[in-house]
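[1] 3D model of this:
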Amino acid sequence: MKHFKILFILIIINNLAFNSCKNREETIDCFPNVNINVSLNLNLPAYQPLQNVGGWVYINEQNAGTKGLLLIRTTNGFIAYDRNAPHICPSQDTRLKVENDIKIICPKDGAEWILLTGEPVKIAEIPPKRYFVYYQPNNNHLTITN
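    As a prediction, this is how the structure comes out:
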């Protein structure tokens, strides 16, 4: 009887562990899967807005995705988002843009996210796709990759 209780408890714990951490989709199936590899010298005038928390710039360089990237300065460093809307298939009017320096919007359906966190606010239920950002403060260079 004691072994049955232990086995029963182990089964419950195992079931909870696997079912409570289900992997959610980061984007929809038709989201473009491309190589992201961008290096930036933040000393250049084009990146002046990134000197302050809340500052942001669009990155439209080679290897910056199909619609470019959005780079934001946060209190803890930098965040890089793909400018493709994460919740609908890409089309001409699904390039995300910043509005009023506080939110990200999708022109196609009006979906909104908080700029500094990517938290969905309206329509979409998933945040914009994020990429890894490596910042080198000694030379003020930054690399964005996937």
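
[2] tell me the pLDDT of R24.
    In this prediction, R24 carries a pLDDT score of 44.

[3] now swap in the one 5 residues further on and tell me
    In this prediction, D29 carries a pLDDT score of 75.

[4] separation between it and W113?
    Distance of D29 to W113, computed by Cβ to Cβ, to the nearest Å: 20 Å. In short, each C-beta sits where N, CA and C put it, glycine included.

[5] looking at those two, which is more packed in?
    W113 (24 against 6; other Cβ atoms under 10 Å).

[6] where does the more buried one land in three-state SS?
    Classification of W113 by DSSP: H, G, I helix; E, B strand; the rest coil places it in strand.

[7] list the contacts of the residue nearest to I104 when sequence neighbours are not counted.
    Distances taken as Cβ to Cβ, 6 or more residues apart in numbering place W113 nearest to I104, at 4.4 Å, with adjacent residues excluded. Listed by Cβ atoms under 8 Å, 6 or more residues apart in numbering, the contact set of W113 reads L96, K103, I104, I105, E119, P120, V121, A124, P127, P128.

[8] my read: the fifth one touches E125, true?
    Okay, so that is E119. No - using Cβ atoms under 8 Å, E119 makes no contact with E125, being 10.7 Å away.

[9] and the closest residue to I36 other than its chain neighbours, what does it touch?
    Leaving aside its sequence neighbours, I36 sits nearest to N146 (Cβ to Cβ, 6+ apart; 4.2 Å). By Cβ under 8 Å, 6+ apart, the contact set of N146 is N35, I36, N37, Y131, F132.

[10] can you select the buried ones from the residues you listed in PyMOL?
    To isolate the buried members of the contacts of N146 in PyMOL, using 16 or more other Cβ atoms under 10 Å:
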select buried, resi 36+131
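
[11] now do the phi/psi pair for the closest residue to E99 other than its chain neighbours.
    Nearest non-adjacent residue to E99, counting by Cβ to Cβ, 6+ apart: I105, 5.0 Å away. Dihedral pair for I105: phi -130, psi 160, per degrees, to the nearest 10.

[12] thank you kindly, that will do.
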